[in-house]
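Enquirer: got a predicted structure plus its sequence, pasted below:
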Amino acid sequence: MYDRRRNPRFECPPQHEYVVELADHSAVAQLSNLSRDGIAFVSSKDFHPEEIYQFLLKGPHVHSAVACEARISWTKALHPSRFSYGAKITKIDPQAKTDILDFLYQDWKEKITASFKPSL
């Protein structure tokens, strides 16, 4: 299947807690993946397509929350009260984004490398 994304998505490792929180602290979501251009997350809050939201990204290696502005691109119902969302990042500190992507890339690289080790 053809992926229309220009940049690879890096999954958030399940052993680490990555959170997307609205800047006003009214909702919390679980970050699923991140790319240079966007984020995907799961939440019970109803976000509206094409709306821009102010988020805080939090993770185990992030010393302070990273402010992020993103426009909701798509939504998918997972359960009557749980949804998956994709959003295009419109504003974020470039260094903070690079730090998060570097961490996720290293985790991805370790998983890929481990899967190619020959069994004896």
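Expert: Cool, the structure landed. Just so you know, these numbers come straight off a predicted model, no measurement behind them. Numbering: from 1, shown residues only.

Enquirer: okay, CA-based contacts and neighbour counts for the rest of this
Expert: Noted.

Enquirer: could you point out the longest strand in this structure?
Expert: strand 66-79 (DSSP state E).

Enquirer: what segments of this structure are helices?
Expert: If DSSP state H is used as the criterion, the helices of the chain fall at 94-115.

Enquirer: what is the mean pLDDT for the longest strand of the chain?
Expert: What strand 66-79 shows for mean pLDDT is 95.

Enquirer: before we move on, what about stretch 6-16?
Expert: Stretch 6-16 comes out at a mean pLDDT of 78.

Enquirer: buried stuff in it?
Expert: For stretch 6-16, the neighbour count (16 or more other C-alpha atoms under 10 Å) marks 9-12 as buried.

Enquirer: one more: stretch 56-70?
Expert: Result for stretch 56-70 [16+ other C-alpha under 10 Å]: buried residues 56-59, 65-70.

Enquirer: mind putting the residues you listed into TSV with distance to Ala96?
Expert: Formatted as TSV, the entries for the buried residues of stretch 56-70 read as follows, by distance: C-alpha to C-alpha, whole Å:
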residue	distance to Ala96
Leu56	12
Leu57	10
Lys58	11
Gly59	12
Ala65	9
Val66	7
Ala67	9
Cys68	10
Glu69	13
Ala70	15
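
Enquirer: biggest separation within the residues you listed, which pair?
Expert: Maximum pairwise distance among the buried residues of stretch 56-70 (C-alpha to C-alpha): 17.7 Å, between Gly59 and Ala70.

Enquirer: could you give the number of residues near the closest residue to Ala87 other than its chain neighbours?
Expert: Spatial nearest neighbour of Ala87, excluding adjacent residues (C-alpha to C-alpha, 6 or more residues apart in numbering): Ile72 at 4.1 Å. Using other C-alpha atoms under 10 Å, Ile72 has 20 neighbouring residues.

Enquirer: which of the buried residues of stretch 56-70 lies closest to Tyr105?
Expert: Gly59 (14.3 Å).

Enquirer: which residues touch the nearest residue to the closest one once chain neighbours are set aside?
Expert: In space, and not counting its chain neighbours, Gly59 is closest to Tyr18: 4.5 Å by C-alpha to C-alpha, 6+ apart. Shown in contact with Tyr18 (C-alpha atoms under 8 Å, 6 or more residues apart in numbering): 12, 30-32, 57-60.

Enquirer: no further questions, thank you.
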